[in-house]
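Can you look at this prediction? I've put the sequence above it.
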Amino acid sequence: MNAVLYSISQFIALSVVQGTPLLFGSTGEILTEKSGNLNLGIPGIMYIGAISGIVGGFFYQRTGYIIPMLAIIIPLVCSLIGSLLASLIYCFLTVTLRANQNVTGLALTTFGVGFGNFFGGSLIKLTNSDTPNLTLPYIARPYKAHIPLFEGTWFGELFFSYGFLVYVSIALAIIVTIVLKKTRVGLHLRAVGESPATADAAGINVTKYKYLATCIGGMIAGLGGLYYVMDYSNGIWSNNAFGDRGWLAIALVIFAVWRPSIGIAGSYLFGGLYILYNYMTVSMQLQPIMQMLPYVVTIIVLITVSLRKKRENLPPASLGLSYFREER
Amino acid sequence: MNTQDNVSALRLEHITKTFGSIVANKDVDLQLRYGEVLAILGENGSGKTTLMNMISGIYHPDEGQIYIKDQLVSINSPKDAFEYGIGMVHQHFKLVDVFTATENIVLGIKEKGRFSIKRSAAKIAEICGRYGFDLDPNKKIYEMSVSEKQTVEIVKVLYRGADILILDEPTAVLTPQETDKLFNVIRRMRQDGKSIIIITHKLHEVMEISDRVAVLRKGEHIATVETKDVTESELTDMMVGQKITLNIERTLSENTPDRLIVSGVSMTNKEGVKVIDDISFSAKAGEILGIAGVAGSGQRELLELIAGLRTPDCGDITYVDPSTGNKVDLRKKTPMQIRDLGVRLSFVPEDRLGMGLVGNMDIIDNMMLRTYKNGNPLFLDRQPSRVLANDIIRSLEVVTPGATTPVRRLSGGNVQKVLVGREISSAPSVLMAAYPVRGLDINSSYTIYNLLNAQKKNGAAVIYVGEDLDVLLELCDRIMVICGGTVSGILDGRTAEKQQVGALMTKKKEARQ
């Protein structure tokens, strides 16, 4: 009995680990989309967040004196700065210059992936490594440290087996939910995403809200990349390993109908579906089909939501549109 | 009472505002007292809304001063206006659909203390109780009727502590019962010491609700009078003014058979409002039939019905074929078939490029929107369109770098010339033009009038929807006046008086009796 419970909790724990990058990404994207910015650059920003953390960690590890606190803070700050800069590019193009959001976002994703692979490749060259990857074990160790409670039991496995970023991701999702629902700032932000003209007439600085939401959202998403390289893959960077997780995060936004609280459960469901093939006897050829499951679920949610036509479940009304003040 | 009261809630002096070459307001003086309802009366385009937008901070006057409580102020944004206690309720509501009434009302306010929707809702309930509004603070906007949305807008203004309220045509969207309710609320606000400006062009409402009336005409302030001292006909006279001679050519029409017969047509829009109510008329070949009426009386819907873009609830629309004399029922035809018969709709709504032309396409390609089905089924033949485009540019003096310039780069007048030029190029038998000279300068306007006259000489039935009564009276052979979706009279353009038309435009009930 206990053994069954243990393996179930192990599966859930793996789903959580797999889902956490998605949770960061979707929380960031929800915050961004609530301001009316459809940031399809999120996959790229997550790459940039990951490689920025790696770069910071790499040079810190080279010094040879590793203090766990600094091993956390340096990559964390580098990651935040990297994704902030990437988000600023997006904001400047779409909010200030009013460029098309889809095109800008897709370009940013292409750029971010290339940026990550370029610097990843360069660092690998620097190390003269035989394998096409880069390892930062001393940096990753504090990221992977977990609270030593109930070790070896299903309870400990389920709740205390994670690095601190997992708890950060849950906390952020809850904080964003509260901000959006319960505060004046959240009300103003939602108004900007629904009807910028109304918000503008009410004296809300639309540009400021769009910039802030998109930049903070981008930084949250970037943490997903950092979590992936430092915790999930044990401080190992190899090019393109992050895969399609950024797109899954965007799919998760739709799945969660723009609510970060639903995003928590949704990300773990997606994570579980993503690794489900390990628990089933399917041939190698069918594995990609199994990994499609999260997208299939998203499409089903999209259809259900469209059929129910509940206004609260629809995307922000001016999502993807630039705001021109002159157009009254 | 002395009109030069020492202290007034709001005073405007010598306000002038121009948009390019168009003068929207010229040297306007206006005074609003404490605790009064001031009606601002004027035709469409008389500058009422522009004037109010300057008070509420949307525009800034080019010249003149605004005094609030005898303090000279400069109002640069809606936020400034709020701070001076001015609140404007626009015709088009600015509300977030998925928010509740309360969320919309508190939007953008920086109140002291912790943010609490509940406390705000209680304050809103208190305001509603005081003035007699009927409003559920927790109802979402998208579940509300137009009247409820308007209530939210008014409460929003009151919540911010406004003591000068400006209502821009508040009754245009309301049923008579809802209007009565609104007027009761306005009276209670007046008792509470608030000053209220109400913009309207419905005379009976002016008489019913206002203490004084300010009349605007063509951007100028004509007079402000005590409501109890004037009659409706005196107000009409002030509103339309003396007739101005424009010297628009008008040839005598002879031999004018019916070309288009509309009888007993009614239509309900998707909000369930009867926008067209039992309209009957006929358009004759070789004449210009003018349609007069305040904006939104059903002109647009009527033309769209004839063009086949909408379906009437009942009634007949019959077209008489000029070559055979056969009667054709237009109701059973698609818009494409109707157009092929020679019925052309040249529609100029506020956004010119919306229905007639594609902004990003050049003049030649826009010509092809009418003729793309001709010729080779696989490849387009641009040559005829190129010839036509160049013809129009030459004959109508369209100012453009060339025929391959996207039309959105042209000025309003030139866009209009391209549109009208295309519509008449195929020698239509019925030409419908709605507000074809809106926003055009004098010269371009005369070009359009001449084009319409040329069509009339060619034997087309021309239907001209206009807003300037002077133009209608000089251009049209007959003038059909509509009011609230019904025909309130059909007058002879040569003998009709301006006052007569003005009166018919605003008096629906009397005409129906």
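Great, that's in hand.

so what's residue 263 up against?
As the question left the chain open, I've gone with chain A. Listed by CB atoms under 8 Å, 6 or more residues apart in numbering or on different chains, the contact partners of A:Gly263 are A:23, A:26-27, A:30, A:173, A:252-253, A:255-256. In this view, the C-beta of every residue, glycine as well, is placed from N, C-alpha and C.

actually it's chain B I care about, not the one you picked
Taking CB under 8 Å, 6+ apart, we find B:Ser263 in contact with B:280, B:315-316, B:318.

among those residues, which are in helices?
Judged by DSSP state H, helices contain none of these.

Throw those residues into TSV and include pLDDT, thanks.
Converted to TSV, the contacts of B:Ser263 look like this (pLDDT from 0 to 100):
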residue	pLDDT
B:Ser280	92
B:Gly315	89
B:Asp316	89
B:Thr318	88
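
Low-confidence bits of the chain, can you list those?
Since no chain was named, I'll use chain A. Residue ranges of chain A with pLDDT under 70: A:1, A:326-328.

ah, I was thinking of chain B
In chain B (pLDDT under 70), the answer is B:1-6, B:244, B:271, B:345-354, B:439, B:441, B:507-513.

before we move on, the earlier item: nearest to B:Val420, of the contacts of A:Gly263?
The nearest member of these to B:Val420, counting by CB to CB, is A:Val253 at 48.0 Å.

In contact with whichever residue of the stretch 51-200 of chain B sits closest to chain A, which residues?
At 3.0 Å from chain A, B:Gly108 is the closest residue in the stretch 51-200 of chain B, using CB to the nearest CB. With contact taken as CB under 8 Å, 6+ apart, B:Gly108 is in contact with A:188, A:191, A:199, A:202-204.

could you redo the last one with a cut-off of 6 Å?
Shown in contact with B:Gly108 (CB atoms under 6 Å, 6 or more residues apart in numbering or on different chains): A:202-204.

got a winner among those residues for most neighbours?
Among these, the one with the most neighbours (other CB atoms under 10 Å in any protein chain shown) is A:Ala202, at 23 neighbours.

looking at it, that residue is touching B:Val106, isn't it?
No - under the criterion of CB atoms under 6 Å, A:Ala202 is not in contact with B:Val106, lying 9.3 Å apart.

In TSV, list the contacts of B:Ser263 along with distance to B:Thr404 and neighbour count.
Converted to TSV, these look like this (distance: CB to CB, whole Å; neighbours: other CB atoms under 10 Å in any protein chain shown):
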residue	distance to B:Thr404	neighbour count
B:Ser280	46	13
B:Gly315	44	17
B:Asp316	44	15
B:Thr318	42	16
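
Specify which member of those is nearest to B:Ala24.
Nearest to B:Ala24, judged by CB to CB, of the contacts of B:Ser263 is B:Ser280 at 37.1 Å.

in which helix or strand would I find the nearest residue to the closest one once chain neighbours are set aside?
Nearest residue to B:Ser280, sequence neighbours excluded (CB to CB, 6 or more residues apart in numbering or on different chains): B:Ser263, at 4.5 Å. Under the criterion of DSSP states H and E, B:Ser263 resides in strand B:258-268.

Quick check: next helix or strand after the helix or strand that A:Ala265 is a member of?
Per DSSP H and E, A:Ala265 falls inside helix A:260-275. Next helix or strand after helix A:260-275 toward the C-terminus (DSSP H and E): helix A:287-291.

Show the subsequent helix or strand relative to that following helix.
The helix or strand immediately downstream of helix A:287-291 is helix A:293-308, counting by DSSP H and E.

got the CA coordinates for that following helix in PDB?
Extracted C-alpha coordinates of helix A:293-308, given in PDB (Å, rounded to 0.1, in the frame of the first residue of the first chain):
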ATOM      1  CA  LEU A 293      -1.300  15.500 -25.100                       C
ATOM      2  CA  PRO A 294      -1.000  18.900 -23.400                       C
ATOM      3  CA  TYR A 295      -1.800  20.600 -26.700                       C
ATOM      4  CA  VAL A 296      -4.700  18.400 -27.300                       C
ATOM      5  CA  VAL A 297      -6.100  19.200 -23.900                       C
ATOM      6  CA  THR A 298      -5.600  22.900 -24.600                       C
ATOM      7  CA  ILE A 299      -7.600  22.600 -27.900                       C
ATOM      8  CA  ILE A 300     -10.400  20.900 -26.000                       C
ATOM      9  CA  VAL A 301     -10.400  23.700 -23.400                       C
ATOM     10  CA  LEU A 302     -10.400  26.300 -26.100                       C
ATOM     11  CA  ILE A 303     -13.400  24.600 -27.800                       C
ATOM     12  CA  THR A 304     -15.300  24.200 -24.500                       C
ATOM     13  CA  VAL A 305     -14.700  27.900 -23.500                       C
ATOM     14  CA  SER A 306     -15.800  29.100 -26.900                       C
ATOM     15  CA  LEU A 307     -18.900  27.000 -26.800                       C
ATOM     16  CA  ARG A 308     -19.800  28.300 -23.300                       C
END
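
what's in contact with that helix?
Contact with helix A:293-308 is made by A:248, A:251, A:254-255, A:270, A:273, A:313, as judged by CB under 6 Å, 6+ apart.

Quickly run through the sheet partners of the strand holding B:Ser263, with directions.
Paired neighbours of strand B:258-268 in the sheet (DSSP bridges): strand B:274-284 (antiparallel), strand B:314-320 (antiparallel).

Output that strand as PDB, nothing but the C-alphas.
Output of strand B:258-268 as PDB, limited to C-alpha atoms (Å, rounded to 0.1, in the frame of the first residue of the first chain):
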ATOM      1  CA  ASP B 258     -40.800  56.700 -60.900                       C
ATOM      2  CA  ARG B 259     -37.600  54.800 -60.700                       C
ATOM      3  CA  LEU B 260     -37.600  53.400 -57.200                       C
ATOM      4  CA  ILE B 261     -40.800  52.900 -55.200                       C
ATOM      5  CA  VAL B 262     -40.500  52.200 -51.500                       C
ATOM      6  CA  SER B 263     -43.800  51.400 -49.700                       C
ATOM      7  CA  GLY B 264     -44.600  50.600 -46.100                       C
ATOM      8  CA  VAL B 265     -41.000  49.500 -45.200                       C
ATOM      9  CA  SER B 266     -40.200  48.900 -41.500                       C
ATOM     10  CA  MET B 267     -37.100  47.500 -39.900                       C
ATOM     11  CA  THR B 268     -36.100  46.500 -36.400                       C
END
